[in-house]
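Student: Fold the following and give me the result.
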Amino acid sequence: MSSVLIAGGGTAGHIEPALAVADALTAGDPSIRITALGTERGLETKLIPERGYELRLIPAVPLPRKPTADILTLPTRMRSAVRATRTIMTERQVDVVVGFGGYVALPAYLAARRRVPIVIHEANARAGLANKIGARFATAVAAAVEGSGLKGAAVVGNPVRRSLSQLDRAALKSEAREFFGLDPVAPTLLVFGGSQGAQRINAAVSEAATDLGEIGIGVLHAYGRRNEITLPPPTPGAPPYVAVPYLDRMDLAYAAADLVLARSGAMTVAEIAAVGLPAVYVPLPHGNGEQRLNATAQLASGAAIIIDDAALDRIAVAEQVAPLVLDGVVRDGMTAAAASTASRPVDEVLAKMVLDAMATGRPAGGHRG
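Tutor: Predicted coordinates:
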């Protein structure tokens with residue numbers, strides 16, 4: 001029996017590609033044992049058990065982005081996380097470590113070094129520190145797009161779970177709208193800001209609720225478990241504005257929608273491309289600009305537009321987003337363009353890389369190129 005340790009905790013952007021590859025591995029060989037590495041502070045404590053995989057927890061070791069007092073205790077905390085990971089690897093007789101970035105990735109890479117092969121996937125347009133370090137001694141490295149900063153990485157795209165990559169939106173549309181309590185025929189906007197929600201998006205769209213209802217647009221809005229929104233009284237006869245803290249059934253959410261308004265995190269962009277929906281992206285204004293880069297292919301194809309975070313307000317929703325939802329000709333053109341950007345089954349490509357690494361049995365250790 002082969003044993004695989006996947007490391008991709010923290011946010012859904014790290015966890016979802018890890019789970020997609022885990023699903024592909026077990027679909028090809030149900031005897032493969034998957035163990036997922038995580039911390040008690042991440043979304044993995046919910047998402048991974050729900051998908052039926054064993055989750056083992058180690059101490060969280062966030063890497064400081066700026067010099068702080070925390071850097072003084074980093075070596076001690078890292079050693080503790082590496083030791084915990086090696087204990088798990090021994091117990092589960094791990095044959096390969098597959099990392100996707102996030103808090104648990106670097107301890108996993110260090111624990112596996114010179115012991116078992118390491119396979120790394122970078123979902124974002126610009127690699128994070130953990131993957132940059134791990135890639136130096138990994139057996140195989142893959143990236144979603146060119147220019148990630150990982151030398152020699154195979155560019156494969158982002159893996160998406162099969163419930164989305166194989167989604168028949170048209171066939172599920174009626175069921176999906178009934179599931180959420182949406183109008184069965186009204187043009188419908190799907191709104192979310194990532195797994196934690198986004199205050200700017202929440203405020204702009206909720207403030208435009210009356211405008212959207214008056215022109216016949218239904219809304220499905222996931223505002224985030226830690227957030228709250230206030231909606232005006234519904235307009236009589238308007239399609240429902242359905243607000244929920246979290247979407248457990250993203251397949252049905254995508255099937256119900258005609259257009260998406262969302263952040264442009266790597267996995268959000270990959271999922272929207274996979275299901276063939278047009279989108280309005282509102283990239284995070286912080287960081288290194290990777291969210292804008294994530295959407296480059298969809299922008300170039302005409303499948304999406306961008307509204308800057310600072311420019312998103314009630315007026316922008318009414319004047320820039322609503323017309324795209326209502327105009328069937330424009331929307332159909334964007335939908336066709338979105339379908340053209342759908343990626344190949346990246347989960348299968350990465351699963352093969354993992355199997356190949358296991359077959360060589362070559363422990364990761366020295367520098368790659």
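Student: Thought residue 363 was touching residue 115, still the case?
Tutor: Yes - using C-beta atoms under 8 Å, residue 115 makes contact with residue 363 at a distance of 5.4 Å. In this view, the C-beta of every residue, glycine as well, is placed from N, C-alpha and C.
Student: okay, now the domains of this structure?
Tutor: 3-160+345-360, 166-340 (automatic domain parsing).
Student: Just give me how far the last one sits from the chain centre.
Tutor: I take that to be domain 166-340. Distance of domain 166-340 from the chain centroid (C-alpha atoms, centre = their mean, to the nearest Å) equals 16 Å.
Student: Could you work out the end-to-end span of that domain for me?
Tutor: In domain 166-340, first residue to last residue: 15 Å (C-alpha to C-alpha, to the nearest Å).
Student: Then the first one?
Tutor: End-to-end distance for domain 3-160+345-360: 15 Å, by C-alpha to C-alpha.
Student: Quick check: buried residues in the one helix or strand residue 173 maps to?
Tutor: Assigned by DSSP states H and E, residue 173 belongs to helix 169-180. Buried residues in helix 169-180, counted by 16 or more other C-beta atoms under 10 Å: 169, 172, 173, 176, 177, 180.
Student: Closest one of those to residue 267?
Tutor: residue 169 (18.3 Å; C-beta to C-beta).
Student: Next up, the contacts around the closest one.
Tutor: By C-beta atoms under 8 Å, 6 or more residues apart in numbering, the contact list for residue 169 reads 254, 255, 275, 276, 277.
Student: Farthest-apart pair in those, please.
Tutor: So, those by C-beta to C-beta: farthest apart are 255 and 276, at 11.0 Å.
Student: Quick one: the strands in the protein, in order.
Tutor: 3-7, 33-38, 54-57, 96-99, 118-122, 140-143, 154-155, 188-192, 218-222, 241-244, 259-262, 279-281, 304-306 (DSSP state E).
Student: before we move on, back to that, can you list which of the contacts of residue 169 are found in helices?
Tutor: Of the positions in the contacts of residue 169, 254, 255, 275 sit in helices, assigned by DSSP state H.
Student: Show me the shaky parts of the stretch 151-300 of the chain.
Tutor: Residues of the stretch 151-300 of the chain that meet the criterion pLDDT under 70 lie in 194-197, 287-288.
Student: If we use 80, what do you get?
Tutor: The model of the stretch 151-300 of the chain has pLDDT under 80 over residues 194-197, 286-289.
Student: okay, the helix holding residue 173 in PDB with CA atoms only?
Tutor: Extracted as PDB, the C-alpha positions of helix 169-180 are listed here (Å, rounded to 0.1, in the frame of the first residue of the first chain):
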ATOM      1  CA  ARG A 169     -24.300  23.700 -15.200                       C
ATOM      2  CA  ALA A 170     -27.300  23.600 -17.600                       C
ATOM      3  CA  ALA A 171     -28.500  20.300 -16.300                       C
ATOM      4  CA  LEU A 172     -28.300  21.300 -12.700                       C
ATOM      5  CA  LYS A 173     -29.600  24.900 -13.000                       C
ATOM      6  CA  SER A 174     -33.200  24.200 -12.000                       C
ATOM      7  CA  GLU A 175     -32.200  22.000  -9.100                       C
ATOM      8  CA  ALA A 176     -29.600  24.500  -8.000                       C
ATOM      9  CA  ARG A 177     -32.000  27.500  -7.900                       C
ATOM     10  CA  GLU A 178     -34.600  25.500  -6.000                       C
ATOM     11  CA  PHE A 179     -31.900  24.400  -3.500                       C
ATOM     12  CA  PHE A 180     -30.900  28.000  -2.600                       C
END
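Student: Could you report the separation of residue 79 from residue 110?
Tutor: Shown here: residue 79 relative to residue 110, a distance of 9 Å by C-beta to C-beta, to the nearest Å.
Student: With residue 125 instead?
Tutor: From residue 125 across to residue 110, the span is 25 Å (C-beta to C-beta).
Student: Pick out whichever of those two has more residues nearby.
Tutor: residue 125 (24 against 19; other C-beta atoms under 10 Å).
Student: That one: what's it in contact with?
Tutor: Taking C-beta under 8 Å, 6+ apart as the test, what residue 125 contacts is 144, 145, 147, 148, 266, 290, 293, 294, 296.
Student: Make a markdown table from those residues and add neighbour count to it.
Tutor: Putting these into a markdown table (neighbours: other C-beta atoms under 10 Å) gives the following:
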| residue | neighbour count |
| --- | --- |
| 144 | 25 |
| 145 | 22 |
| 147 | 13 |
| 148 | 24 |
| 266 | 25 |
| 290 | 20 |
| 293 | 19 |
| 294 | 27 |
| 296 | 16 |
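Student: Same list (the residues you listed) but as JSON lines, adding distance to residue 157.
Tutor: Shown next, in JSON lines, are the contacts of residue 125 (distance: C-beta to C-beta, whole Å):
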{"residue": "144", "distance to residue 157": "6"}
{"residue": "145", "distance to residue 157": "8"}
{"residue": "147", "distance to residue 157": "14"}
{"residue": "148", "distance to residue 157": "12"}
{"residue": "266", "distance to residue 157": "10"}
{"residue": "290", "distance to residue 157": "16"}
{"residue": "293", "distance to residue 157": "14"}
{"residue": "294", "distance to residue 157": "12"}
{"residue": "296", "distance to residue 157": "13"}
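Student: So which of those belong to helices?
Tutor: Using DSSP H, the contacts of residue 125 in helices are 266, 290, 293, 294, 296.
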